[in-house]
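Participant: Here is my input; please provide its structure:
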Amino acid sequence: MGDSGSDLSAKLKSVHINRRAFLKAAAATAAGAAVAVRARPAGAQSSSGAPWNPASVLPAGRYGSRTAGGTPRKGGTLVYGMEGPSDILDPQATGCWLTYRVTYQMFEGVITEDLTRIDRPEPPLVGRLAGSWQLSEDKLTRTFKLRRGVRFHDGTDFDAKAALWNWQRMWDKKAPQYYARANSYCSYVVDVIKDVQVVDDYTLRMTFTTPFAEWERMTVQSFGEPLMISPAQARKLGNQNFNQQPAGTGPFKAVENVPNDHITLQRFDGYWGPKPNVDRIVFRQLDDPSTRIATLRKGEVDFILAPPPDSVASLQNEGYVILASHAPHIWYFAFNLKDPIVGKDKRIRQALIMGLDRERMCRELLKNTAAPAYSMLSPATLAYDPGYKPYPYNPSAAKKLLAEAGYPNGFETTLETSTSGSGQMIPVSMIEWIQRDLKGIGVTAHIKTYEWVTYIGMLFKGRPAGTGAAQLSWGMTSNYWNDIVLRSTRQPPNGVNYGYYANPEVDKLLDQARSEFNDAARAALYRRVDRIVMGDDAAFWPICNDLNIVVLNKKVRGFVNPPEEWFQLSTPWIAG
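Facilitator: Presented below is the predicted three-dimensional model:
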């Protein structure tokens with residue numbers, strides 16, 4: 001949108017925004033996701049409308065998609081109708097996909113992903129504030145050669161001392177700038193740090209307590225973002241207030257943040273790299289899916305995510321550009337292994353899995369905006385195997401398993417989900433579909449739904465007896481995510497393994513995978529883990545992989561939807 005300031009203000013005020021309180025930090029930490037789509041009332045998601053054809057934008061060999069290119073037109077404002085609120089704009093002390101879509105434009109780490117690449121399952125790692133880095137032969141030391149001529153938005157210089165200050169803020173409990181909240185969010189990256197040293201003005205050396213093959217990939221995830229902030233600005237404002245006037249080194253800087261309404265970023269003219277095409281980006285909060293679509297059709301926003309599945313085909317027919325990607329998303333249930341019915345016999349869990357027709361659900365309810373999921377390995381990871389499909393739909397076999405387990409007439413249990421959440425899609429309609437299918441094998445599934453903050457607060461305390469399974473959406477381009485959700489030592493209150501899964505063989509394989517630097521060998525280890533977790537133990541219930549739909553005005557050019565849950569906004573531009 002090439003709007004004047006007054007036109008932009010009018011557009012921001014023209015649609016009523018549903019104001020809700022920001023997510024509390026604890027909820028975002030536990031989930032790695034912020035509030036997003038407000039679910040429709042029960043039964044409101046229609047199964048009418050033609051299914052959308054994902055092959056139209058995701059042909060074989062492509063893991064993301066892009067709009068038309070051309071010669072960029074400089075200037076103007078790009079407006080994103082964002083499906084929920086951002087958390088605080090302190091990258092080290094936050095953790096959600098929605099927030100990372102904002103902070104990624106403002107802050108940079110020593111390493112990043114090339115989010116313009118869509119020709120491989122996961123975006124390749126490239127240097128950002130580090131021009132290069134080396135790993136020692138014993139795999140315990142990383143040495144970074146930092147870029148020269150980089151400045152923070154407040155005009156101060158980025159160098160090795162600034163980088164050290166940042167790592168100490170996240171890691172070193174003895175440092176005066178240490179921030180416990182940042183340590184909590186970035187724990188999976190900083191807990192293995194032994195020491196950080198300044199070698200010279202533009203060389204930083206980091207030593208580690210153990211070899212960690214995917215450490216670089218973990219630094220570019222949204223569950224804690226170890227990106228560089230201005231030490232001077234943080235000293236001036238204090239750790240808790242830094243997010244009020246944040247300063248990074250990225251191509252855009254923050255100029256306005258109205259909680260639960262909008263965030264405005266402006267191009268940073270002092271940026272060290274290629275300058276962005278647009279002057280401003282506005283992240284406009286539009287919680288309700290129908291409101292997002294109406295606002296897009298009015299021309300008040302340039303693009304949206306998470307449209308209702310039954311609207312995608314019609315929007316494409318109207319001339320809007322539809323993009324999709326094989327993002328690292330899994331919509332799954334963790335079975336409660338402490339439940340006296342579901343937890344005691346894997347045949348019961350196998351029966352539940354086989355009692356759901358995931359293929360039909362994705363086709364008829366989700367209109368092909370998601371693909372059936374059978375594995376706890378995320379798409380957009382090296383280990384993902386689309387051919388592995390344990391326990392496909394087979395209601396007759398499911399009934400037989402229930403009878404063998406002592407429940408020939410079925411049983412009653414409770415399934416839990418939220419009414420909203422980043423990546424949660426249309427959770428109420430989805431769980432009601434599951435409830436209906438399970439009725440066909442004699443299982444009565446009672447549904448409990450909660451507001452997102454309430455749900456996450458309960459979820460990661462573990463679930464009580466009577467709750468057979470609880471649902472979440474998550475995933476990363478690092479297979480180390482499986483360590484986060486599967487390891488036995490990460491059960492509540494020490495982690496997010498809220499189904500209480502424990503298998504010593506899995507823990508041993510996870511240890512081996514963390515230290516395995518050969519990509520093919522590491523992927524094979526994670527596949528062995530998945531065969532045990534899903535095939536042998538049936539401890540989780542993957543339902544679908546969302547295809548991360550983006551809908552854009554056809555005037556938006558240069559936009560890339562990568563195999564991630566966020567994107568860079570330097571290359572998009574608005575055609576005249």
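Participant: what residues are up against the closest residue to residue 441 other than its chain neighbours?
Facilitator: The shortest distance from residue 441 to any residue other than its chain neighbours is 4.1 Å, reached at residue 355 (CB to CB, 6 or more residues apart in numbering). Using the backbone N, CA and C atoms, a C-beta is placed for each residue, glycine as well. Listed by CB atoms under 8 Å, 6 or more residues apart in numbering, the contact set of residue 355 reads 393, 395, 398, 437, 438, 440, 441, 443.
Participant: at 10 Å what do you get?
Facilitator: Contacts for residue 355 (CB atoms under 10 Å, 6 or more residues apart in numbering) come out as 391, 393-395, 397-399, 401-402, 410, 434, 437-443, 445.
Participant: Confirm that residue 255 sits in a helix.
Facilitator: No - the assignment for residue 255, made by DSSP: H, G, I helix; E, B strand; the rest coil, is strand rather than a helix.
Participant: Pretty sure it sits against residue 247.
Facilitator: No - checked against CB atoms under 10 Å, the pair residue 255 and residue 247 is beyond contact range at 11.9 Å.
Participant: Between those two, which has more neighbouring residues?
Facilitator: Ranked by neighbour count (other CB atoms under 10 Å), residue 255 and residue 247 place residue 247 first, with 25 against 10.
Participant: what's the distance between that one and residue 236?
Facilitator: 9 Å (CB to CB, to the nearest Å).
Participant: shared neighbours, these two?
Facilitator: With CB under 10 Å, 6+ apart, residue 247 and residue 236 have common neighbours 154, 230.
Participant: Distance check, residue 188 against residue 171.
Facilitator: 12 Å.
Participant: who touches both of the two?
Facilitator: Going by CB under 10 Å, 6+ apart, residues that sit against residue 188 and also against residue 171 are residue 226.
Participant: The closest residue to residue 149 other than its chain neighbours sits in which helix or strand?
Facilitator: Nearest residue to residue 149 in three dimensions, chain neighbours excluded: residue 272, at 5.6 Å (CB to CB, 6+ apart). Under the criterion DSSP states H and E, no helix or strand holds residue 272.
Participant: And residue 272, how close does it get to residue 571?
Facilitator: 17 Å.
Participant: Between the two, which is the more surrounded one?
Facilitator: More crowded of residue 272 and residue 571, by other CB under 10 Å: residue 571, with 20 against 16.
Participant: For the more buried one, list the residues it contacts.
Facilitator: Applying CB under 10 Å, 6+ apart, the residues contacting residue 571 are 66-67, 69, 72, 115-116, 274, 276-278, 557-560.
Participant: now, which of those residues sits nearest residue 482?
Facilitator: Closest to residue 482 out of those is residue 115 (23.1 Å), distances taken as CB to CB.
Participant: contacting residues around that closest one?
Facilitator: 64, 104, 123-124, 126, 220, 560-564, 566-571.
Participant: just checking, which of these belong to helices?
Facilitator: Mapping those onto helices (DSSP state H) picks out residue 104.
Participant: Kindly report the domain assignment for this structure.
Facilitator: Annotated domains of the chain cover 5-42+61-322+549-574, 330-546 [automatic domain parsing].
Participant: for the first one, what is the average pLDDT?
Facilitator: Per-region confidence: domain 5-42+61-322+549-574 scores 89 on mean pLDDT.
Participant: For this structure, which residue occupies the most central location?
Facilitator: Central residue of the chain (CA atoms, centre = their mean): residue 97, 4.4 Å from the mean position.
Participant: wait, it sits on residue 424?
Facilitator: No - using CB under 10 Å, residue 97 is not in contact with residue 424, being 11.0 Å away.
Participant: residue boundaries of the helices in the stretch 51-200 of the chain?
Facilitator: 97-106, 160-171, 180-185, 187-190 (DSSP state H, counting those that start in this stretch).
Participant: Pull out the buried positions in the third one.
Facilitator: It stands for helix 180-185. Buried residues in helix 180-185, counted by 16 or more other CB atoms under 10 Å: 181, 182, 183, 184, 185.
Participant: thought the first one was touching residue 87?
Facilitator: No - Residue 181 sits out of contact with residue 87 when judged by CB under 10 Å, with a separation of 11.2 Å.
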